[in-house]
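> Give the three-dimensional model of this entry:
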Amino acid sequence: MTDKILIPRPSQLDQQAFVAHYGDIYEHSPWVAELAWQRGLSPAEDTPQGLAEAMGAVLREASPERQLKVIRAHPDLAGKAAVAGELTDDSTREQAGAGLDQCTPEEMARFERLNAAYKAKFGFPFVMAVKGSDRHAILAAFEARLPNDPAEERRTAIEQINRIARFRLEARLG
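Residues are numbered from 1 along each chain as shown. Purely as a prediction, here's the structure:
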C-alpha cells in the first residue's frame, strides 16, 4: 500500500507555497504562477482545468516580449539539450512519451534541419504539446507550421504552451 501525499488545494496556498508547487508548470517562468496567484484563486481554480485556465490567461494577456521569453525557454524537440540530458524532468518525460528519444539517425537529422529552419524564420523554438503524438506527427506539424507568419506562429506557440501546462497540471492535480 502506498501513502498518497495530500497537497492543499491551490486556492488555499499562500503565494510562496503556490509558486513553490506550480512555478515550474511554465518552463523556467515562475512569474506566470506568481501573477495567477496575485489575481486571486477561488475553488474554481482547484481543478486542473480551472487552474490551467487561470494560468493560461496570464500568459495570453502578457506582453509579446514576455510571451517570447516563455516560448524561448522551451527546448528544441529532439534537440541537443535532449540528447545531452539537459531538459527539465517534465520535458524529458513529454519528449520520451512521444518517442523522441527513439529517433533514427535520419529522423534526428530531419529534426535538426527543421529546428534550424524554424528558429531562423521565427526567432524562437518550435513548441508543441507532444502528449498523444508521435515523432511522425510532430515532424508533420513542424512542416505544416513553417509557412505561418510570425504573429500567427507566436499565438500558436502560446496555445501549445498552455496545452502543455494543462497536461502538467492534470498530472499534478489529477
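
> Check which helix or strand residue 165 maps to.
helix 150-173 (DSSP states H and E).

> ok now that helix, how far from the chain's centre?
Mean-position distance between helix 150-173 and its chain equals 5 Å (Cα atoms, centre = their mean, to the nearest Å).

> For it, buried residues please.
Buried residues in helix 150-173, defined by neighbour count with 16 or more other Cβ atoms under 10 Å: 153-154, 156-158, 160-169, 172-173. From N, CA and C alone the C-beta is placed, and that goes for glycine too.

> Same check on stretch 117-136?
118, 122, 124, 125, 126, 127, 128, 129, 130, 131, 133, 135.

> Just the residues contacting that stretch, thanks.
For stretch 117-136, contacts defined as Cβ atoms under 8 Å, 6 or more residues apart in numbering pick out 68, 71-72, 74-79, 94-95, 97-100, 102-103, 107, 114-115, 138, 141-142, 145-146, 150, 153-154, 157, 160-161, 163-164, 167.

> Out of those residues, which end up buried?
68, 71, 74-79, 94-95, 98-100, 103, 107, 114-115, 138, 141-142, 145, 153-154, 157, 160-161, 163-164, 167.

> what about this structure, any weak spots by pLDDT?
By pLDDT under 70, the low-scoring segments of the chain are 1-7, 79-86.

> Tell me where it has helices.
15-22, 31-39, 48-61, 64-72, 80-83, 89-97, 105-122, 135-145, 150-173 (DSSP state H).

> TSV for those, including distance to residue 9?
Shown next, in TSV, are the helices of the chain (distance: least, Cβ to Cβ, whole Å):
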stretch	distance to residue 9
helix 15-22	10
helix 31-39	13
helix 48-61	10
helix 64-72	25
helix 80-83	34
helix 89-97	21
helix 105-122	38
helix 135-145	35
helix 150-173	9
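
> To residue 8, which of those lies closest?
Nearest of the helices of the chain to residue 8, taken as Cβ to Cβ: helix 15-22 at 7.5 Å.

> could you give the angle of the closest one to helix 150-173?
With axes from the mean of the first three to the mean of the last three Cα atoms, to 10 degrees defining the directions, helix 15-22 sits at 100 degrees from helix 150-173.
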